[in-house]
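**Q** Need the 3D shape of this:
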Amino acid sequence: MSAAQKLYEGKAKILYTTEDPQILLTHFKDDATAFNAQKRGSIVGKGEINCAISSHLFQMLEAQGIPTHYLDRPSPNEMRVKNVKIVPLEVVVRNIAAGSLCQQTGLPLGKVLPQPLVEFYYKNDALGDPLLTRDRLLLMELATPAQVDQLQTMAQQINRILTDFFAQCGITLVDFKLEFGLDAQQTLLLADEISPDTCRLWNQADSDPDRRVMDKDRFRRDLGDVEGAYRQVLERVLAQPIQS
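**A** Residues are numbered from 1 along each chain as shown. Reported below is the predicted structural model:
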(Lines give C-alpha, C1' and ligand atoms only; values in the text may rest on other atoms or scores of the structure.)
Protein backbone atom coordinates (compact mmCIF):
# COMPACT_ATOMS: atom_id res chain seq x y z
CA MET A 1 0.00 0.00 0.00
CA SER A 2 1.47 3.38 -1.00
CA ALA A 3 1.61 6.20 1.55
CA ALA A 4 -0.95 8.96 1.17
CA GLN A 5 0.37 12.10 -0.51
CA LYS A 6 -0.98 15.59 0.05
CA LEU A 7 -2.60 16.58 -3.23
CA TYR A 8 -4.00 19.99 -2.35
CA GLU A 9 -4.57 22.19 0.69
CA GLY A 10 -7.31 24.79 0.68
CA LYS A 11 -8.70 27.16 3.31
CA ALA A 12 -10.86 24.55 5.03
CA LYS A 13 -9.72 21.12 3.80
CA ILE A 14 -6.71 19.05 2.74
CA LEU A 15 -6.97 16.46 -0.05
CA TYR A 16 -4.82 13.32 0.07
CA THR A 17 -4.30 10.54 -2.44
CA THR A 18 -5.12 6.94 -1.46
CA GLU A 19 -3.98 3.54 -2.76
CA ASP A 20 -6.84 3.83 -5.29
CA PRO A 21 -6.25 6.64 -7.83
CA GLN A 22 -10.01 7.04 -8.21
CA ILE A 23 -10.49 7.76 -4.49
CA LEU A 24 -9.26 10.72 -2.42
CA LEU A 25 -9.28 11.40 1.31
CA THR A 26 -10.56 14.81 2.46
CA HIS A 27 -9.37 16.09 5.83
CA PHE A 28 -11.58 18.84 7.29
CA LYS A 29 -9.62 21.52 9.19
CA ASP A 30 -10.64 23.72 12.12
CA ASP A 31 -9.25 26.76 10.27
CA ALA A 32 -11.73 29.52 9.47
CA THR A 33 -11.35 32.24 6.85
CA ALA A 34 -13.54 35.06 5.56
CA PHE A 35 -13.38 37.89 3.03
CA ASN A 36 -11.23 35.87 0.61
CA ALA A 37 -8.92 34.78 3.47
CA GLN A 38 -8.27 38.37 4.64
CA LYS A 39 -9.73 37.34 8.01
CA ARG A 40 -8.36 34.16 9.56
CA GLY A 41 -9.06 32.23 12.72
CA SER A 42 -9.95 28.85 14.12
CA ILE A 43 -13.23 27.33 15.29
CA VAL A 44 -12.81 24.53 17.83
CA GLY A 45 -14.14 21.25 16.42
CA LYS A 46 -15.21 22.81 13.12
CA GLY A 47 -13.53 20.14 10.99
CA GLU A 48 -15.33 17.30 12.70
CA ILE A 49 -18.67 19.17 12.76
CA ASN A 50 -18.57 20.13 9.08
CA CYS A 51 -17.44 16.64 8.06
CA ALA A 52 -20.37 15.09 9.94
CA ILE A 53 -22.92 17.57 8.55
CA SER A 54 -21.61 17.23 4.98
CA SER A 55 -21.57 13.43 5.18
CA HIS A 56 -25.19 13.34 6.35
CA LEU A 57 -26.35 15.83 3.71
CA PHE A 58 -24.48 14.10 0.88
CA GLN A 59 -26.08 10.78 1.82
CA MET A 60 -29.49 12.45 2.04
CA LEU A 61 -29.05 14.05 -1.39
CA GLU A 62 -27.84 10.74 -2.89
CA ALA A 63 -31.02 9.10 -1.55
CA GLN A 64 -32.98 11.82 -3.38
CA GLY A 65 -31.23 11.07 -6.69
CA ILE A 66 -28.46 13.71 -6.66
CA PRO A 67 -25.09 12.18 -7.70
CA THR A 68 -22.26 13.23 -5.37
CA HIS A 69 -18.57 12.50 -4.83
CA TYR A 70 -19.23 11.12 -1.31
CA LEU A 71 -18.16 7.56 -0.46
CA ASP A 72 -17.86 7.26 3.32
CA ARG A 73 -16.49 8.83 6.51
CA PRO A 74 -13.61 6.70 7.87
CA SER A 75 -12.89 9.03 10.80
CA PRO A 76 -14.61 12.00 12.52
CA ASN A 77 -12.96 14.69 10.38
CA GLU A 78 -12.18 12.69 7.23
CA MET A 79 -14.30 11.85 4.21
CA ARG A 80 -13.46 9.48 1.36
CA VAL A 81 -14.61 10.87 -1.98
CA LYS A 82 -14.45 10.04 -5.66
CA ASN A 83 -11.60 11.69 -7.51
CA VAL A 84 -13.20 14.35 -9.71
CA LYS A 85 -11.91 17.24 -11.79
CA ILE A 86 -13.46 20.29 -10.13
CA VAL A 87 -15.35 22.65 -12.44
CA PRO A 88 -13.79 26.06 -11.64
CA LEU A 89 -17.13 27.60 -10.71
CA GLU A 90 -18.88 28.34 -7.45
CA VAL A 91 -22.60 27.87 -7.97
CA VAL A 92 -24.50 30.07 -5.50
CA VAL A 93 -28.22 29.64 -4.87
CA ARG A 94 -30.08 32.45 -3.10
CA ASN A 95 -33.56 32.22 -1.57
CA ILE A 96 -33.39 35.35 0.60
CA ALA A 97 -31.40 38.55 0.08
CA ALA A 98 -28.23 38.63 2.21
CA GLY A 99 -24.49 39.24 1.96
CA SER A 100 -23.09 40.41 -1.36
CA LEU A 101 -26.52 40.42 -3.02
CA CYS A 102 -27.61 43.19 -0.64
CA GLN A 103 -24.28 45.03 -0.96
CA GLN A 104 -24.32 44.99 -4.77
CA THR A 105 -28.04 45.61 -5.43
CA GLY A 106 -29.34 47.57 -2.45
CA LEU A 107 -31.97 44.90 -1.73
CA PRO A 108 -32.87 44.85 1.98
CA LEU A 109 -31.50 42.06 4.15
CA GLY A 110 -34.12 39.35 4.57
CA LYS A 111 -36.14 40.09 1.43
CA VAL A 112 -37.59 36.79 0.22
CA LEU A 113 -36.80 36.45 -3.50
CA PRO A 114 -39.74 35.73 -5.83
CA GLN A 115 -37.84 32.71 -7.10
CA PRO A 116 -34.46 31.17 -6.25
CA LEU A 117 -31.53 32.95 -7.88
CA VAL A 118 -28.68 30.83 -9.28
CA GLU A 119 -25.37 32.62 -9.82
CA PHE A 120 -21.96 31.53 -11.11
CA TYR A 121 -18.68 32.79 -9.65
CA TYR A 122 -15.22 32.09 -11.07
CA LYS A 123 -13.13 30.07 -8.59
CA ASN A 124 -10.05 32.27 -8.65
CA ASP A 125 -8.71 33.81 -5.44
CA ALA A 126 -6.35 36.14 -7.32
CA LEU A 127 -9.32 37.72 -9.10
CA GLY A 128 -11.53 37.71 -6.00
CA ASP A 129 -13.94 34.99 -7.23
CA PRO A 130 -15.86 37.37 -9.55
CA LEU A 131 -19.51 36.98 -10.51
CA LEU A 132 -19.80 35.82 -14.13
CA THR A 133 -22.51 36.20 -16.72
CA ARG A 134 -23.35 33.09 -18.74
CA ASP A 135 -21.70 34.62 -21.81
CA ARG A 136 -18.47 35.35 -19.94
CA LEU A 137 -18.46 31.85 -18.48
CA LEU A 138 -18.78 30.34 -21.95
CA LEU A 139 -16.23 32.77 -23.41
CA MET A 140 -13.72 31.59 -20.79
CA GLU A 141 -14.58 27.95 -21.61
CA LEU A 142 -15.11 27.13 -17.93
CA ALA A 143 -17.96 24.79 -18.87
CA THR A 144 -19.89 23.78 -21.97
CA PRO A 145 -23.39 25.19 -22.64
CA ALA A 146 -24.87 21.78 -21.78
CA GLN A 147 -22.90 21.67 -18.51
CA VAL A 148 -24.06 25.17 -17.56
CA ASP A 149 -27.68 24.09 -18.12
CA GLN A 150 -27.08 20.96 -16.04
CA LEU A 151 -25.41 22.93 -13.24
CA GLN A 152 -28.41 25.28 -13.14
CA THR A 153 -30.89 22.39 -13.07
CA MET A 154 -28.98 20.45 -10.41
CA ALA A 155 -28.59 23.56 -8.25
CA GLN A 156 -32.34 24.15 -8.35
CA GLN A 157 -33.04 20.51 -7.48
CA ILE A 158 -30.56 20.56 -4.59
CA ASN A 159 -32.08 23.81 -3.35
CA ARG A 160 -35.57 22.31 -3.20
CA ILE A 161 -34.31 19.26 -1.29
CA LEU A 162 -32.13 21.23 1.14
CA THR A 163 -34.76 23.91 1.76
CA ASP A 164 -37.29 21.26 2.78
CA PHE A 165 -34.72 19.37 4.84
CA PHE A 166 -33.53 22.41 6.79
CA ALA A 167 -37.13 23.54 7.34
CA GLN A 168 -37.70 20.22 9.13
CA CYS A 169 -34.71 21.18 11.31
CA GLY A 170 -36.30 24.53 12.17
CA ILE A 171 -33.72 26.32 10.01
CA THR A 172 -34.21 28.70 7.08
CA LEU A 173 -31.80 28.12 4.18
CA VAL A 174 -31.00 31.67 3.10
CA ASP A 175 -28.35 30.94 0.46
CA PHE A 176 -25.51 28.51 -0.16
CA LYS A 177 -22.53 27.69 -2.36
CA LEU A 178 -22.08 24.48 -4.33
CA GLU A 179 -19.13 23.04 -6.22
CA PHE A 180 -19.22 20.30 -8.82
CA GLY A 181 -16.70 17.97 -10.42
CA LEU A 182 -16.44 15.67 -13.41
CA ASP A 183 -15.61 12.00 -12.87
CA ALA A 184 -13.73 9.76 -15.31
CA GLN A 185 -16.95 9.27 -17.30
CA GLN A 186 -17.45 13.08 -17.50
CA THR A 187 -20.49 12.86 -15.23
CA LEU A 188 -21.19 15.95 -13.14
CA LEU A 189 -21.11 15.16 -9.42
CA LEU A 190 -21.84 17.40 -6.46
CA ALA A 191 -18.50 17.87 -4.64
CA ASP A 192 -16.76 19.89 -1.93
CA GLU A 193 -18.95 20.21 1.20
CA ILE A 194 -22.32 21.46 2.46
CA SER A 195 -22.00 22.94 5.94
CA PRO A 196 -22.39 26.13 7.98
CA ASP A 197 -19.19 27.24 6.21
CA THR A 198 -20.93 27.20 2.82
CA CYS A 199 -24.57 27.96 3.74
CA ARG A 200 -26.36 30.88 5.38
CA LEU A 201 -28.65 29.33 7.97
CA TRP A 202 -31.12 31.20 10.19
CA ASN A 203 -32.80 29.80 13.28
CA GLN A 204 -36.55 29.95 12.59
CA ALA A 205 -37.27 30.25 16.32
CA ASP A 206 -35.43 33.59 16.62
CA SER A 207 -36.22 36.80 14.71
CA ASP A 208 -33.26 38.80 16.06
CA PRO A 209 -30.95 39.44 13.05
CA ASP A 210 -27.84 38.55 15.07
CA ARG A 211 -29.05 35.76 17.36
CA ARG A 212 -30.70 33.81 14.54
CA VAL A 213 -27.41 33.36 12.63
CA MET A 214 -26.20 29.72 12.69
CA ASP A 215 -23.41 29.86 10.10
CA LYS A 216 -20.01 31.38 9.28
CA ASP A 217 -21.50 34.88 9.42
CA ARG A 218 -21.02 34.53 13.20
CA PHE A 219 -17.28 34.42 12.49
CA ARG A 220 -17.35 37.04 9.71
CA ARG A 221 -19.30 39.54 11.83
CA ASP A 222 -17.73 38.72 15.23
CA LEU A 223 -21.08 37.66 16.69
CA GLY A 224 -19.50 35.12 19.06
CA ASP A 225 -20.37 31.50 19.96
CA VAL A 226 -19.50 30.24 16.49
CA GLU A 227 -18.84 26.71 17.71
CA GLY A 228 -22.14 26.62 19.60
CA ALA A 229 -24.08 27.61 16.49
CA TYR A 230 -22.29 25.00 14.36
CA ARG A 231 -22.98 22.30 16.96
CA GLN A 232 -26.65 23.24 17.06
CA VAL A 233 -26.86 22.80 13.28
CA LEU A 234 -25.11 19.43 13.62
CA GLU A 235 -27.54 18.20 16.27
CA ARG A 236 -30.59 19.24 14.24
CA VAL A 237 -29.24 17.75 10.99
CA LEU A 238 -28.34 14.40 12.55
CA ALA A 239 -31.78 14.23 14.20
CA GLN A 240 -33.35 13.92 10.72
CA PRO A 241 -33.21 10.37 9.33
CA ILE A 242 -32.08 9.84 5.75
CA GLN A 243 -35.10 8.90 3.65
CA SER A 244 -35.20 7.93 -0.01
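**Q** Going along the chain, name the strands of this structure.
**A** Secondary structure of the chain, counting by DSSP state E: strands at 6-9, 13-17, 23-28, 31-34, 39-42, 70-75, 78-82, 85-86, 89-96, 112-122, 131-132, 171-182, 188-191, 199-203.
**Q** Tell me which of those sits nearest to residue 152.
**A** Smallest distance to residue 152 across the strands of the chain (Cβ to Cβ): 5.4 Å, for strand 112-122. For the C-beta atoms, the positions are set from N, CA and C on the backbone; glycine is no exception.
**Q** mind checking how far the closest one is from the chain centre?
**A** 15 Å (Cα atoms, centre = their mean, to the nearest Å).
**Q** Tell me which residues are up against that strand.
**A** The contact list for strand 112-122 (Cβ atoms under 8 Å, 6 or more residues apart in numbering) reads 88-97, 101, 129-132, 134, 137, 140, 142, 148, 151-152, 155-156, 159.
**Q** List only those of those residues flagged as buried.
**A** Buried members of those, scored by 16 or more other Cβ atoms under 10 Å, are 89-97, 101, 129, 132, 137, 142, 148, 151, 155, 159.
**Q** still on that earlier bit, so can I have CSV of the strands of the chain showing mean pLDDT and distance to residue 214?
**A** What follows is the strands of the chain, written out as CSV (pLDDT from 0 to 100; distance: least, Cβ to Cβ, whole Å):
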stretch, mean pLDDT, distance to residue 214
strand 6-9, 92, 27
strand 13-17, 96, 21
strand 23-28, 97, 18
strand 31-34, 82, 15
strand 39-42, 82, 18
strand 70-75, 98, 22
strand 78-82, 98, 22
strand 85-86, 96, 27
strand 89-96, 98, 14
strand 112-122, 98, 18
strand 131-132, 98, 25
strand 171-182, 98, 6
strand 188-191, 98, 22
strand 199-203, 98, 4
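**Q** Rounded mean pLDDT for the lengthiest helix in the chain, please.
**A** Counting by DSSP state H, the longest helix found in the chain is helix 145-168. Helix 145-168 shows a mean pLDDT of 98.
**Q** what pLDDT does the spatially closest residue to residue 21 that is not a sequence neighbour get?
**A** Among residues not flanking residue 21 along the chain, residue 83 sits closest, at 6.6 Å (Cβ to Cβ, 6 or more residues apart in numbering). Among the per-residue scores, residue 83 shows a pLDDT of 97.
**Q** list the contacts for residue 83?
**A** Residue 83 neighbours (Cβ under 8 Å, 6+ apart): 21-24, 183.
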